[in-house]
Each structure stands twice: as C-alpha cells, then as structure tokens.
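Trainee: how does the following fold in three dimensions:
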Amino acid sequence: MNSKWILEKIEDLIPDIETFRDNIIKHIQHEYFPLIYQCLYEKIMPKGCHKFTAEKFKKLLKNDYLKLINDIYRTRLSNKSFPDIRKGLLSLPSFDRYEDVLKKFEKCNPRNNNWVNAFSFGTKVLHAFNPEENPMLDFVVRKNLAINKEMSIELCVNFKSAMNKFAENHKDYFSNKSIKMLEQEFAKFNLKPVFPKMKMLDMALYQKSSREK
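Mentor: Model prediction:
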C-alpha cells in the first residue's frame, strides 16, 4: 500500500474542488471538533499555523501537551504511555525527520500491549508540530480511504507523502479565492477559514461525499 495507491484513493474521494469544499462544509455542519481545533491553532500554534521550532515544541511536551492532544483528538491512549513517549521525543534533536519521530511511539503499539494504537497518536503529535505538512491518520480516514492495512510507520510515511502530493497537485483548492467561498458558511459557526492545509484535507476526507455513500 504505497503512496501512489493512497494518492489515487484520495483523488477518488475528492475528485474536484467542489467536492473538497462541500465535504468541508458538511464536516463543520455535523461536527463540533473544528471549533476546538481552531482554538488550538489560534491560541497555541505559531502565527499562521507555521511549524514550531524544536525548542518551543519541547517546552510544550515537558508540560501536559501530550495529554491535551490525546484528549482533543480522542485517541484514548493510556496515560501510562506518556512518560516513555515524552522521554523519547525530548531526546530528538529535531522533529523534522518524520520516520524517526514515529519510532518513538513504537513501544506503545498494540502488538506489545493492550493500549490503543500509538502510531495514530504519533501522527497527531506530528500534526501539532507542523500542521501545514503533517497529516493525521485515524480510523475514520483509513475507513473512508479503504485502507485496511494495520497501522505502521511505513503506512504513516506513505500517507504523509500522498497527502502532500495531493496538496501540491491541487494548489487551487487552498487558494484565497477558494477559501473565500467557504467564509460565509464558516461564519455561521463562528469559525474563520484559516485552518492549515492538512487540517482542511482531513476535514474533506472525514466527511465522505454523497457519491461515495
């Protein structure tokens, strides 16, 4: 299940810009999560949703940021896992090497214990570090894309590659003109259309289009 296969699935689920916008609108109409996410991006993220520096991200990790991410995204990872994950993450010189960061979650995967799969949580932590380039991969998105393979570092890396390739191929989806067309609908829910690219894509993938139902 390589990045090319995943990219084709994303293209199938979001075949055009109208579907992209429609799915996002459906998502904000039926889910309360965007309200929470926007607060996170506006209050904690660097201005413009740019990635953190390693130093500033480590300061967050030393507090209860892992628990906050776990609670917000309802990953349900056991609190017992946080000390090991935190220790592993703080030992890294940076968080730019995606695969190396995910390896720090490996000890918490279900093959070794009964906790919820930690690789999904890892993608959310990496998204919090750099939401413009790092996508989240959870059960709903995998289900909508018909990804039946067990969560692994390889799958997460291939998914990241596919999502960024999609964003590169469809820059017009994220243009000011396209986002402006979402502004009125967002305003109904006291939201601003200022979400990072990978979150916009996540919302579009989270809500299956009518043609896919």
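
Trainee: in the protein, which helix or strand is least confident?
Mentor: For the chain, counting by mean pLDDT, DSSP states H and E, helix 33-43 ranks last in confidence among helices and strands (a mean of 80).

Trainee: report the buried residues of that one.
Mentor: By 16 or more other CB atoms under 10 Å, the buried positions in helix 33-43 come out as 33-34, 37-38, 40-41. Any C-beta I mention is one placed from the backbone N, CA and C, and that applies to glycine too.

Trainee: likewise for stretch 137-145?
Mentor: Neighbour counts over stretch 137-145 (16+ other CB under 10 Å) mark 137-138, 141-142, 144-145 as buried.

Trainee: gap between it and the chain center?
Mentor: Its chain's C-alpha centre and that of stretch 137-145 lie 11 Å apart, by CA atoms, centre = their mean, to the nearest Å.

Trainee: please save the CA atoms from that stretch in CSV.
Mentor: The C-alpha trace of stretch 137-145 is given here as CSV (Å, rounded to 0.1, in the frame of the first residue of the first chain):
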residue,chain,number,x,y,z
LEU,A,137,-4.3,9.4,10.2
ASP,A,138,-7.0,7.8,12.2
PHE,A,139,-9.6,5.1,11.9
VAL,A,140,-12.2,7.2,10.1
VAL,A,141,-9.9,8.4,7.4
ARG,A,142,-8.5,4.9,6.9
LYS,A,143,-12.0,3.6,6.6
ASN,A,144,-13.1,6.3,4.1
LEU,A,145,-10.0,5.6,2.0
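
Trainee: ok, which stretches of this structure are helices?
Mentor: For the chain, the helices defined by DSSP state H cover 3-13, 17-30, 33-43, 54-62, 65-72, 82-90, 98-103, 118-129, 139-144, 153-169, 176-187, 197-206.

Trainee: of those, which shows the lowest average pLDDT?
Mentor: Per-stretch mean pLDDT for the helices of the chain is lowest at helix 33-43 (a mean of 80).

Trainee: need the contact partners of it.
Mentor: 27-28, 49, 72, 128, 131, 189-192, 194-196, 199, 203 (CB atoms under 8 Å, 6 or more residues apart in numbering).

Trainee: good, wrapping up.
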